[in-house]
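Asks: From the sequence below, what's the structure:
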Amino acid sequence: MDTTLILVALIIAVALAFDYINGFHDAANSVATIVATRVLSPFHAVAWAAFWNFIAAFAFETGVASTVGKGMVDLKFVTPYVILAGLLGAITWDLITWYFGLPTSSSHALLGGYGGAAMAKVAMTVGITSSFDALIMSGWTKTIAFIVISPLLGMLLAYGLMIAIFWIFRNASPTRMDKWFRVLQLLSSAIFSFAHGTNDAQKTMGIITGVLVTAGYLNTFEVPVPIIFAAHIAIALGTLSGGWRIIKTMGGRLTRLRPRGGFSAETAAALSILFATYLKMPVSTTHVIAGAIVGVGSIQRLKAVRWGLATNIIWAWVMTIPASAAVGAFVMVLIRLLAGKD
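Replies: Modelled structure (predicted):
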């Protein structure tokens, strides 16, 4: 059998494994608020989120996939081994942060691992001073900008929604409000999980399509329909398996939530993610929902948010791209030293 075909098949399997890990790592984003408000049990919440992760496949959006696959790293420096090293770097960082219960971004781990592996490839073949030639800086500038923009937008939208809710229901008792919003939270969590699927699954599609192009199996960068469904199935199965360590952090420790707050956080985060997807930008659902939860908590009083925990989460966000890039570069160096492959 053709060794290139075997390698490509292996990389696709690793990419789908990353997508699955992305699902259970980010399951907390999709269900933390609805679990924290006790609208659904953890099992029913992840099943609900997984269903909408999969339904997002029928949107057939691939703009984010194109940005990830060909807008971040120059494809002339990309080989199947570069993509493999990048995926392994992202998976390693995801598992480390999952173990410690840190809600970091699987998306940025993937981008960091991919970029780090490509830079290592250029450093070893062209020279270390040319390492940054592997990166398309315009793509990275926008992505890094959205590390700030996306959670800030989620926070402001959630804050605004909470003000509107308090004004509209100003004559209603808190008990009556929560009765309505327990039902509405089913809708808001579905929209958020749909948005999560449309943005996050596309990142894996972009990586898989990139390896098919670099290996010569595709002439142009167009995501095949079977890859669209495979990516959504993988992320949905990952979500179904849960991510209980991170759910505890996001749903209960960052701030206390009531159904009206959960509705506001999920709706604000979904709108922010869908806006970024429309712009073809890969964003972190973790960053967005965390920002939205902070916005909900701060409407009552600033002390309602556990800012010490929020600071730790932000540091984990800052570390994600460089840490996963370092792991991706290390794996690329190992591949070169042990197998003599670029």
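
Asks: Enumerate the helices of this protein by residue range, in sequence order.
Replies: Counting by DSSP state H, one finds helices in the chain at the ranges 3-36, 42-55, 63-70, 80-99, 106-125, 137-168, 174-214, 225-241, 244-248, 259-278, 285-298, 307-339.

Asks: Least confident of these, on average?
Replies: In terms of average pLDDT, helix 244-248 trails the rest of these, at a mean of 50.

Asks: Trp52 touches Gly197, doesn't it?
Replies: Yes: Trp52 lies in contact with Gly197 (CB atoms under 8 Å); the separation is 6.5 Å. No exception for glycine: its C-beta is placed from N, CA and C like everyone else's.

Asks: Comparing those two, which residue is more hemmed in?
Replies: Remark: of Trp52 and Gly197, Gly197 carries more neighbours, 31 against 21, as counted by other CB atoms under 10 Å.

Asks: Next, count neighbours for the residue nearest to the more buried one when sequence neighbours are not counted.
Replies: Distances taken as CB to CB, 6 or more residues apart in numbering put Ala56 closest to Gly197, at 3.0 Å, once the chain neighbours are dropped. Using other CB under 10 Å, Ala56 has 25 other residues around it.

Asks: so what's Ala56 up against?
Replies: Listed by CB atoms under 8 Å, 6 or more residues apart in numbering, the contact set of Ala56 reads Ser193, Phe194, Ala195, His196, Gly197, Thr198, Ala201, His232.

Asks: which residue packs closest to the fourth one, ignoring adjacent ones?
Replies: It stands for His196. Thr285 (4.8 Å).

Asks: residues near that neighbour, how many?
Replies: Counted with other CB under 10 Å, the neighbours of Thr285 add up to 30.

Asks: returning to what we had before: any chance of the contacts of Ala56 in TSV, plus distance to Ala265?
Replies: Shown next, in TSV, are the contacts of Ala56 (distance: CB to CB, whole Å):
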residue	distance to Ala265
Ser193	13
Phe194	16
Ala195	13
His196	13
Gly197	18
Thr198	18
Ala201	22
His232	24
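
Asks: nearest to Gly86, of those residues?
Replies: Ala201 (17.4 Å; CB to CB).

Asks: count of residues packed around the nearest residue to that closest one once chain neighbours are set aside?
Replies: Spatially, and ignoring its direct neighbours in sequence, Ala201 is nearest to Ala231 (4.3 Å; CB to CB, 6+ apart). By other CB under 10 Å, 28 other residues sit near Ala231.

Asks: Do I have it right that the residue nearest to His196 meets Ala270?
Replies: No: with contact defined as CB under 8 Å, Thr285 does not count as touching Ala270 (9.5 Å).

Asks: what is in contact with the two at once?
Replies: Ala195.

Asks: can you tell me which residues contact the closest residue to Phe60 other than its chain neighbours?
Replies: Leaving out its chain neighbours, the residue that sits closest to Phe60 by CB to CB, 6+ apart is Ile228, at 6.5 Å. Residues in contact with Ile228 (CB under 8 Å, 6+ apart) are Ala57, Phe60, Thr62, Ala201, Met205.

Asks: Report the contact partners of the nearest residue in space to the last one that is not next to it in sequence.
Replies: Pointing back at Met205 there. Excluding its sequence neighbours, the residue lying closest to Met205 (CB to CB, 6+ apart) is Ala65, at 4.0 Å. For Ala65, the contacting residues are Gln202, Lys203, Met205, Gly206, Thr209, Val223, by CB under 8 Å, 6+ apart.

Asks: ok, of those residues, which come out buried?
Replies: Buried subset of the contacts of Ala65 (neighbour count, 16 or more other CB atoms under 10 Å): Gln202, Lys203, Met205, Gly206, Thr209, Val223.

Asks: Closest to Gly216 out of the residues you listed?
Replies: Among the buried ones among the contacts of Ala65, Thr209 lies closest to Gly216 (CB to CB), at 13.0 Å.

Asks: okay, now Met155: neighbour count?
Replies: For Met155, the neighbour count with other CB under 10 Å is 24.

Asks: in stretch 327-342, what counts as buried?
Replies: Applying 16+ other CB under 10 Å to stretch 327-342 flags Val327, Gly328, Ala329, Phe330, Val331, Met332, Val333, Ile335, Arg336, Asp342 as buried.

Asks: The third one contacts Tyr114, doesn't it?
Replies: No: in this structure, Ala329 sits apart from Tyr114 without contact. The criterion is CB under 8 Å, and the distance is 10.7 Å.

Asks: any common contacting residues for those two?
Replies: Gly89.

Asks: returning to that earlier point: which of the helices of the chain sits closest to Ser131?
Replies: Short answer: helix 106-125, nearest of those by CB to CB, at 4.3 Å.

Asks: can I get the CA coordinates of that closest one in CSV?
Replies: Extracted in CSV, the C-alpha atoms of helix 106-125 (Å, rounded to 0.1, in the frame of the first residue of the first chain):
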residue,chain,number,x,y,z
SER,A,106,-8.7,23.8,22.1
SER,A,107,-8.8,26.0,19.0
HIS,A,108,-5.8,28.0,20.0
ALA,A,109,-4.0,24.9,21.0
LEU,A,110,-4.5,23.6,17.5
LEU,A,111,-3.4,26.8,15.9
GLY,A,112,-0.3,27.0,18.2
GLY,A,113,0.7,23.4,17.6
TYR,A,114,0.3,23.8,13.8
GLY,A,115,2.3,27.1,13.8
GLY,A,116,5.0,25.8,16.1
ALA,A,117,5.5,22.6,14.0
ALA,A,118,5.7,24.7,10.8
MET,A,119,8.2,27.1,12.3
ALA,A,120,10.4,24.2,13.5
LYS,A,121,10.3,22.7,9.9
VAL,A,122,11.5,26.0,8.4
ALA,A,123,14.1,26.4,11.2
MET,A,124,15.6,22.9,10.4
THR,A,125,15.5,23.2,6.6
